[in-house]
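Participant: need a structure here:
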Amino acid sequence: MTSVLLPLCERNPEPMALFSVSQTAFLLAFLSLRTYQSEGLSEPLPWAPESLKVSVNTTCQCLHLQWTVHNLAHHQEFRMVFQIEISRIKTSNVIWVENYTTTVKWNQVLHWSWESKLPLECAKHFIRMRSAVDAAKTPGPRVWSSWSSWEEADVQNSLGQDPLFIFPKDKLVEEGSNVTICYVSKSHQNNISCYLEGVRMQGEQLDPNVSVFNLNHVAFIRETGTNIYCKPGQGDGIKGTVLFVSKVLQEPKDFSCETQDFMTLNCTWDPGSDTGLLKQLSQSYTLFESFSGKKTLCKPKSWCLWQVAPESQDMYNFTLTAENYLRKRSVHLLFNLTHRVHPMAPFNILFKNVSATSATMTWKVHSIGKYYTLLCQVELYGEGKVTQHNVSVKVDGAHLFSGLEPDTEYLAQVRCANGDYFWKWSEWTHQNFTTAEAAPSEAPDVWRNVKTVQGRCVVTLFWKPLSKPQAHGKILFYNIVIEYLDRTSVSEVLSIPAPASGTELPLNQCSSQIRITASNSVGTSPASVLVVSREPGNEEVEEERVKGTEDGFPLSWNPQPRHVTGYLVEWCEQPRDPPCDLQWKNLGPNVTSTVVSSDAFRPGVRYNFRIYGISTERVPYLLARKTGYSQELAPSDNPQVVMTNLTSHSFTLSWKNYSTESQTSFIQGYHVYLKSKAGRCHSGSEKAVLSDDVVCCKYKIDNPEQKTFVVENLQPESFYEFLVTPYTSVGEGPHDAFAKVTTPDEYSPTLIRILLPTVFCILLIMITCYLKSQWMKEKCYPDIPDPYKSSVLSLIKSKENPHLTIMNIKDCVPDSIEVLNKQEGTRKSLTETESTKPTYLYLLPTEKRYSSPGPCICFENFTYNQAASDSASCGHVPVPPKAPPSQLGLLTSPENLLKALEKNYMNSLGEIPAGETSLNYVSQLASPMSGDMSNLPTNPPEPALCSEYKMQMAIPLGLASPPSSGSSSLSSITLLDEGEHYH
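Facilitator: Residues are numbered from 1 along each chain as shown. Presented below is the predicted three-dimensional model:
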């Protein structure tokens, strides 16, 4: 050490002397302190803490300690360390040890606080402390004073007399923190249950009367707090508390300050989530500027205004502090005021000199000082496009827009920023304007449809509305000029008001030229020219099929060798509706293919396309026809089939009303399914298994235009089922219900052909007889027959003997009359005592007045001919002289005549009173002999003369009977001659 200091002293004696004195003083103080410390190992430090007092703050659950240090001189001041111990329940249970370092002065009262995690009401606490001089810069061990006596902090003695308490009361904590809850029971019950929002909590017991529950990472549930309650197993003494959980205070985000006029600063930030609860205030914000030392409380939570100092202060250093009951957070911002200029939005936008293609825009800005220049950005929106321009201004701004579209609405907007130090753009200020109209620039797109109605040419014109860039204004009407090619000096002019898109023109002659123009308020468009020719064009063009894709229908055609000005494709977007919505597409002369697409195309709809070539004379002619589907679908229905010509071995199916044009795909043919019990398939068919595992026979028809089919090789009296379904490239029609048919037997057709005419004839005869029944009755069987009125005999007149008519009674020779006795009641006739044999009246011929060429018989019956009776005339019938009685010339047989006479006689006999006798003819040629009919002579005498029977009457039995005879009951009477009448 000395050897080191000597050379130094030689070089500079005065500094070295000062260093030697200081070193000596430090060594003496150090030696004295070491000596004191060695002595202090056996004696306590004289500056021990005294007058220790402990107070309890249950609101914050804190212990406040207060003490003093004596034996300090008035001028003495030491930095001391106080070691504090805290015990719970008993002094040996130390739960907290902390060293508190501070500077101690004479007569100073020291303070220290400790916050307990466990509510202080839940257990006793004991506190003591000791002190030592802070010798951190001094080597060696620290010397402590003796411990102070234990101070007790017991809150349970002041709780009251309630049997149950829960702590803490209405505590406020942050979300995610840990909380300790306890209950204190004075009823010595061990079956107390505690619940957090209805969920039972599990805790630990500190002593017989206290249990503790630790809640970790508590969550925010509601602004009104979280409910905690405890209840004993017996009784109704429920106690509870509310735990207020606040969201964590967030640091302000996006803190920024700017000015618009160099007079105020507008500071803004994002406060984040609000930490306020129902009973607690939310966070507050304070703005502090360090250069000026000013501070302001910001009432809004997201912005604050700061007045710029009148003196020229360019730099600002702000501190924004967010604070609530639990914590605080701060952010800082340093900036230059001239670099934070945010201009106000421009105003008073005007448009001048607006034409169809240009306009001038002017605006004004708020001044930020005569030394500052603003950069303004101008944008123009129109027709789906945006144009942008930058303009430098100080007070007023202007910009010329050119190249605009006529009759178009535009949107112009402008915003500005500091041109020297760009910070932010101002808000947009916008204004609309519309350019003036101009004459239409394009001719209308026109097409036509030509047809002949009653020999007159009718042209239907169609045109598409001009687009907005083409119309250059609102179209008011369409002009149509018709020029007849055969008469060039004759023309017709029509005006069709908009928004019409077509019209129908009946032309005087087909050869004509039609010009169409569109007009608005400014002018007229160029003309579209169509030529209608007498020649129909090449209409016999074969139709080709085309397959649609997702992009549309690809169409192509052959280029034309002759000159064409273009091509046109025509189609209907709604082919199934009556107004088919005709569409067309014009193409150039060098184009031979195109793709037709439309949002109106639907799957399963057939679209037809016609391709025309436009000649140099503007005459369209048909080049090609295409048809197809955008997407083919399987047929949704089957044809309606009619069965005819049913026989025992075949029947015919027909579906002629089935249209193949309106189907959902191209019909390639038909399948005919036939089901039978036998299940046998003949030639021309194949077996097929349907979806329901039914086996049937399938016939295939390859021609879609064939709509009839004959099913043959069937069995008589058999049951069949059939179904006709179309098939396409994407599938066939549905297999819905089969139709049923039963074949007849083999002989039924023959019987039907015989029976039907027979039944028809019988019915016709019956109807005729029914309608002519009265006429038949009068002619054939009247109620009172009159032979003279009958027309039957007229059919059998003999041409050789025209005088032969009907038979007269006088031409017949009656043999005998059988007189029958009829009893009535108890009356007895004269013959009752006689034999039961019938009595006969014999009719014998007389020879008087026989002057005719031959013998004859006169038989007159007034019952049949009243006129004959009145005139007393008889008819004469020549009879051969030798003829027997049975061979007399009668028109009818005696049996038939007797039957007719008997019937009429019996009818009249009913009018005779009871008991009288009726007459019955037995034979007209009976022998004139009395006796039984069996005893009559077989060969009666031949009549030589005419017998005349004038009248047949009912003769009483007394008059007609002969004298009684024992051998026979038969009596005879001879008829009187003519003129001899019985009265």
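
Participant: For the closest residue to Gln715 other than its chain neighbours, give me its contacts.
Facilitator: Residue nearest to Gln715 in three dimensions, not counting chain neighbours: Thr743, with 6.7 Å by Cβ to Cβ, 6 or more residues apart in numbering. For every residue, glycine as well, the C-beta is placed using N, CA and C. By Cβ atoms under 8 Å, 6 or more residues apart in numbering, Thr743 lies in contact with Leu646, Thr647, Ser648, His649, Phe651, Leu714, Gln715, Pro716, Glu717, Ser718, Tyr720.

Participant: how far away is the closest residue to Asn336 other than its chain neighbours from Tyr421?
Facilitator: Sequence neighbours aside, Asp314 is the residue nearest to Asn336 in space, at 5.4 Å (criterion: Cβ to Cβ, 6+ apart). Asp314 sits 12 Å away from Tyr421, going by Cβ to Cβ, to the nearest Å.

Participant: what do you get for Asp599?
Facilitator: Relative to Tyr421, and taking Cβ to Cβ, Asp599 is found at 54 Å.

Participant: same question, Pro168
Facilitator: Applying Cβ to Cβ to Pro168 and Tyr421 gives a distance of 56 Å.

Participant: who has more neighbours, Asp314 and Tyr421?
Facilitator: Neighbour count, other Cβ atoms under 10 Å: between Asp314 and Tyr421, Tyr421 has more, with 12 against 9.

Participant: So that one is in contact with Thr338, correct?
Facilitator: Yes: counting by Cβ atoms under 8 Å, Tyr421 does reach Thr338; the two are 6.1 Å apart.

Participant: what residues are up against the closest residue to Gln161 other than its chain neighbours?
Facilitator: Using Cβ to Cβ, 6+ apart and skipping the chain neighbours, the partner closest in space to Gln161 is Lys186 (7.5 Å). With contact set as Cβ under 8 Å, 6+ apart, Lys186 has these partners: Leu159, Gln161, Asp162, Pro163, Leu164, Asn209.

Participant: Of the residues you listed, keep whichever come out buried.
Facilitator: Leu164, Asn209 (16 or more other Cβ atoms under 10 Å).

Participant: Please report how far Asn157 lies from Leu206.
Facilitator: Where Leu206 is concerned, Asn157 sits at a distance of 17 Å (Cβ to Cβ).

Participant: which one of these two has more residues nearby?
Facilitator: Per other Cβ under 10 Å, whichever of Asn157 and Leu206 has more neighbours is Leu206, with 16 against 6.

Participant: Checking the more buried one next. Helix, strand or coil?
Facilitator: State at Leu206, reduced to three classes by DSSP: H, G, I helix; E, B strand; the rest coil: strand.

Participant: I'd assumed Ile95 was in contact with it.
Facilitator: No: assessed by Cβ under 8 Å, Leu206 is found out of contact with Ile95, at 11.9 Å.

Participant: any idea which residue sits dead centre in the protein?
Facilitator: Arg602 (17.7 Å; Cα atoms, centre = their mean).

Participant: Now for it: which residues touch it?
Facilitator: With Cβ under 8 Å, 6+ apart, Arg602 has these contacts: Ser630.

Participant: host element of it?
Facilitator: Using DSSP states H and E, Arg602 sits within no helix or strand.

Participant: Could you check how far it is from Thr594?
Facilitator: Applying Cβ to Cβ to Arg602 and Thr594 gives a distance of 21 Å.

Participant: list residues touching both of Asp314 and Tyr421?
Facilitator: The contact lists of Asp314 and Tyr421 share Thr338, where a contact means Cβ under 8 Å, 6+ apart.

Participant: Now Gln431. Nearest residue, chain neighbours left out?
Facilitator: Ile349 (4.3 Å).

Participant: how far is the helix or strand harbouring the one you found from where the chain is centred?
Facilitator: Element membership for Ile349, per DSSP H and E: strand 347-352. Relative to the centre of its chain, strand 347-352 is centred 53 Å away, using Cα atoms, centre = their mean, to the nearest Å.

Participant: mind listing what it pairs with, with the direction of each?
Facilitator: strand 359-364 (antiparallel) (DSSP bridges).

Participant: Could you give me the buried positions within the partner strand?
Facilitator: Buried, per 16+ other Cβ under 10 Å, within strand 359-364: Ala359, Met361, Trp363.

Participant: Stretch 324-343 too?
Facilitator: Asn324, Tyr325, Arg329, Leu333, Phe335, Leu337, Thr338, Arg340, Val341, His342, Pro343.

Participant: will you turn the residues you listed into TSV that also has pLDDT, distance to Ala135 and secondary structure?
Facilitator: Formatted as TSV, those follow (pLDDT from 0 to 100; distance: Cβ to Cβ, whole Å; DSSP: H, G, I helix; E, B strand; the rest coil):
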residue	pLDDT	distance to Ala135	secondary structure
Asn324	87	41	coil
Tyr325	84	40	coil
Arg329	93	38	strand
Leu333	95	44	strand
Phe335	94	48	strand
Leu337	90	53	helix
Thr338	88	56	helix
Arg340	92	54	coil
Val341	92	59	strand
His342	93	60	coil
Pro343	92	65	coil
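
Participant: OK, contacts around Val109?
Facilitator: Gln66, Trp67, Thr68.

Participant: oh, I was asking about Ile611
Facilitator: Contacts of Ile611 by Cβ under 8 Å, 6+ apart are Leu555, Trp557, Tyr567, Leu568, Val569, Glu570, Leu622, Leu623, Ala624, Arg625, Lys626.

Participant: One more pass at 7 Å, please.
Facilitator: Applying Cβ atoms under 7 Å, 6 or more residues apart in numbering, we find Ile611 in contact with Leu555, Trp557, Tyr567, Val569, Leu623, Ala624.

Participant: What segments of the stretch 251-400 of the chain are strands?
Facilitator: 253-258, 264-270, 284-289, 294-298, 303-307, 315-323, 328-336, 347-352, 359-364, 374-382, 385-393, 396-401 (DSSP state E, counting those that start in this stretch).
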